[in-house]
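Visitor: okay, here's the prediction I keep looking at, along with the sequence it came from:
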Amino acid sequence: MPVENLGHFSPAEASSLEGLLATFIAVGSLDLFLEENLAYALRLSRAGVPVEAHVYPGAIHGFEMFSGDITDAFNSAFAAAMRRALNR
């Protein structure tokens, strides 16, 4: 995909998302960007991009910086996604 098609600030602003790499999205249910992240995941999926999206109940923006069960679940999911991506 040509760089100029990616938008100026964010891939979410691109007119087309076709051809992007598989994407892992993690967001907390209390994150102010929840809806934006889910809309982006949907756009990726509709463009044929493999997408894995996780919503963590009760989690705030930046939740992964704090220890706890939700962060442990995120770390496990992210590590598994990275292993899958690197084994392709």
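Guide: The structure has been received and is ready for your questions. Numbers count the residues shown, from 1 in each chain.
Visitor: ranges for the strands of the chain?
Guide: Here the chain has its strands, by DSSP state E, at 23-28, 51-56.
Visitor: who are the packing partners of the first one?
Guide: Judged by 3 or more C-beta pairs under 8 Å, 6 or more residues apart in numbering; DSSP states H and E, the packing partners of strand 23-28 are helix 34-46, strand 51-56, helix 69-86. Every residue, glycine included, has its C-beta placed from N, CA and C.
Visitor: is it possible to get TSV of these that adds distance to A26 and mean neighbour count?
Guide: Listed next are the helices and strands packed on strand 23-28 as TSV, based on distance: least, C-beta to C-beta, whole Å; neighbours: other C-beta atoms under 10 Å:
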stretch	distance to A26	mean neighbour count
helix 34-46	8	15
strand 51-56	5	17
helix 69-86	6	13
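Visitor: now these in a markdown table, with distance to A12?
Guide: Output for those, formatted as a markdown table (distance: least, C-beta to C-beta, whole Å):
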| stretch | distance to A12 |
| --- | --- |
| helix 34-46 | 5 |
| strand 51-56 | 13 |
| helix 69-86 | 19 |
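Visitor: reformat the ones you listed as JSON lines; add mean pLDDT and distance to E13.
Guide: Converted to JSON lines, these look like this (pLDDT from 0 to 100; distance: least, C-beta to C-beta, whole Å):
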{"stretch": "helix 34-46", "mean pLDDT": "96", "distance to E13": "10"}
{"stretch": "strand 51-56", "mean pLDDT": "98", "distance to E13": "17"}
{"stretch": "helix 69-86", "mean pLDDT": "96", "distance to E13": "24"}
